[in-house]
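*Asks:* quick one: sequence plus predicted model below, questions after.
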Amino acid sequence: MASEREDFSLSGPLHLTHIDWTNDHHRRSVAACLVQGVYVSERDRQQQRHGSQALATPWWEFFHFQLFRQLKDDVDSTIFGAIYEFKPPASHCNLSTAGTPRYVIAFRGTLTKPDSFMRDLELDLHVIQNGLHQTSRFEIAMQAVRNMVASVGNSNVWLAGHSLGSAMAMLAGKTMAKTGVLLEAFLFNPPFLSAPIERIKNKKVKHGLRIAGSVITAGLALAVNAKKKQHNTRSAIEEPFTALSAWVPRLFVNPADHISSEYVGYFEHRKKMEEIGAGDIERLATQHSLGALFMNVMGKESQPLHLIASAILTVNATPSQDFKQAHGIHQWWKPDMHLQSKFYKYK
């Protein structure tokens, strides 16, 4: 039986009858709905809903997108992504389309349904182990991104994703950014793999723990780098972090979502470390994670996915009823949210 949350007529942003592509709320809402379209496409497949019974199509057609291609996992054939093409009707041709994407590549997160859960859970574990780049699903996603950019140019392609799908989009965006290709990206509830320091209420304790973490991380990073220089080796985690600073993805997090809320402290801590004169320590620490460094010491390749140089961070400060709501995709097209946005640039 179909869920109300899958039905656009019941849960979609019907108030957006006209899209202003220069409006941040409109752009965010459309990107989130396109991601939801991937979720519902997979549910349509699982429930064998076809034709008039299918629920996915309105999630993109309402905004004048067409489904260009679905992305399917090579292990279980589940739909994990979609490429959408913007096709406004002839009556809209004279209207300004400045800021519109020609194509949006969207990725869904984990579905807790029997037909897809085990494979999604496997991918979640790869995210935790910083090994998403080694999976066949990501290879399929990355090839799709490269092909679209080669075909239509990076200025015409957006990335979007939620949760696990946000990790996919982030890794794809980082991979392209390392080659100088910068893609507009909308990352909803991206996983941040760290101790949940942000949930500590005492600000002094929270700040003290973050300072201690930065000092330990920076010290270990120096030791690991010195060892590599001694052996003339180079690890995969030694990416040119400064090269990523030009890429500015849009991150959307909720403080009540422990999966993504650490991004709030991650960026604010940089600012505070600069203010107390410890900017050099933090600039080194922010490029590494303790988990990835320990893995590297043991001779295992590990790329800390969640570490990024620059971002526009939007926090939904609207109270959430529970974790499910705080982590859900539906919150990001609601018209009455209390949002706080900040731009963070790595120096």
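*Replies:* The structure has been received and is ready for your questions. Residues are numbered from 1 along each chain as shown.
*Asks:* can you give me the pLDDT of the nearest residue to Leu132 once chain neighbours are set aside?
*Replies:* Among residues not flanking Leu132 along the chain, His126 sits closest, at 4.9 Å (CB to CB, 6 or more residues apart in numbering). The C-beta positions use only the backbone N, C-alpha and C, and glycine is treated the same way. Predicted confidence (pLDDT) for His126: 92.
*Asks:* which strand or helix spans His126?
*Replies:* Here His126 sits within helix 117-128, counting by DSSP states H and E.
*Asks:* packing partners for the next helix or strand after that helix?
*Replies:* Using DSSP H and E, the helix or strand that follows helix 117-128 in sequence is helix 136-152. Using 3 or more CB pairs under 8 Å, 6 or more residues apart in numbering; DSSP states H and E, the elements in contact with helix 136-152 are strand 65-72, strand 79-86, strand 103-107, strand 157-162, helix 164-177.
*Asks:* helix 136-152 to strand 65-72, inter-axis angle?
*Replies:* Interaxial angle, helix 136-152 versus strand 65-72 (axes from the mean of the first three to the mean of the last three CA atoms, to 10 degrees): 140 degrees.
*Asks:* residues contacting helix 136-152, please?
*Replies:* Residues outside helix 136-152 that contact it (CB atoms under 8 Å, 6 or more residues apart in numbering): 69, 71-75, 80-81, 83, 102-103, 105, 107, 123, 132, 157, 159, 168, 171-172, 175-176, 181, 183.
*Asks:* among the residues you listed, which ones are buried?
*Replies:* Among the contacts of helix 136-152, those classed as buried by 16 or more other CB atoms under 10 Å are 71-73, 80-81, 83, 102-103, 105, 107, 123, 132, 157, 159, 168, 171-172, 175-176, 181, 183.
*Asks:* next one, pLDDT for the residue nearest to Met118 when sequence neighbours are not counted please.
*Replies:* Once flanking residues are discounted, Met118 sits nearest to Asp76: 7.8 Å by CB to CB, 6+ apart. Model confidence at Asp76, given as pLDDT, is 93.
*Asks:* is it correct that Asp76 is in contact with Pro114?
*Replies:* No. Asp76 lies out of contact with Pro114 (CB atoms under 8 Å); the separation is 10.9 Å.
*Asks:* helix or strand right after the helix or strand of the chain with the lowest mean pLDDT?
*Replies:* For the chain, using mean pLDDT, DSSP states H and E, the weakest element among its helices and strands is helix 290-297, scoring a mean of 51. Next along the chain after helix 290-297, taking DSSP H and E as the criterion, comes strand 311-316.
*Asks:* for the record, mean pLDDT for that following strand?
*Replies:* Here the average pLDDT along strand 311-316 is 97.
*Asks:* got it, and stretch 110-123?
*Replies:* 93.
*Asks:* gap between the two ends of it?
*Replies:* One end of stretch 110-123 to the other measures 9 Å (CA to CA, to the nearest Å).
*Asks:* list of residues touching it?
*Replies:* With contact meaning CB under 8 Å, 6+ apart, stretch 110-123 is reached by 39, 42-43, 45-46, 73, 75-76, 78, 109, 124, 132, 135, 137, 163-164.
*Asks:* just how off-centre is that stretch within its chain?
*Replies:* On the basis of CA atoms, centre = their mean, to the nearest Å, stretch 110-123 sits 18 Å off its chain's mean C-alpha point.
*Asks:* so where's the protein shaky on pLDDT?
*Replies:* Across the chain, the ranges flagged by pLDDT under 70 are 1, 91-98, 194-240, 269, 271-303.
*Asks:* quick revisit: just the buried ones from the contacts of stretch 110-123?
*Replies:* 39, 42-43, 45, 73, 78, 109, 124, 132, 135, 137, 163-164.
*Asks:* ok, the closest residue to Tyr84 other than its chain neighbours to Arg146 distance?
*Replies:* With CB to CB, 6+ apart as the criterion, Tyr84 has its nearest non-adjacent residue at 4.2 Å, and that residue is Phe65. Distance, Phe65 to Arg146, using CB to CB, to the nearest Å: 21 Å.
*Asks:* and those two? Which one has more around it.
*Replies:* Phe65 (24 against 15; other CB atoms under 10 Å).
*Asks:* touching, the more buried one and Lys87? I think so.
*Replies:* Yes. Using CB under 8 Å, Phe65 makes contact with Lys87 at a distance of 6.8 Å.
*Asks:* quick one: His306 and Pro191 touch, right?
*Replies:* Yes. Taking CB under 8 Å as the definition, His306 is a contact partner of Pro191 at 6.4 Å.
*Asks:* got any residues that touch both of those two?
*Replies:* By CB under 8 Å, 6+ apart, the residues touching both His306 and Pro191 are Ala167.
*Asks:* did I read that right, Ala256 in a strand?
*Replies:* No. According to DSSP: H, G, I helix; E, B strand; the rest coil, the state of Ala256 is coil, so it is not within a strand.
*Asks:* any idea which element the nearest residue to it once chain neighbours are set aside lies in?
*Replies:* If the residues on either side of it in the chain are set aside, Ala256 comes closest to Ala326, at 3.7 Å by CB to CB, 6+ apart. Per DSSP H and E, Ala326 falls inside helix 323-327.
*Asks:* tell me which residues of that helix are tucked away?
*Replies:* For helix 323-327, a neighbour-count test (16+ other CB under 10 Å) marks 326-327 as buried.
*Asks:* before we move on, what about stretch 24-38?
*Replies:* 25-38.
*Asks:* need the contact list for the closest residue to Ala82 other than its chain neighbours.
*Replies:* Spatial nearest neighbour of Ala82, chain neighbours left out: Val38 (4.9 Å); criterion: CB to CB, 6+ apart. Val38 is in contact with 79-82, 106-108, 165, counting by CB under 8 Å, 6+ apart.
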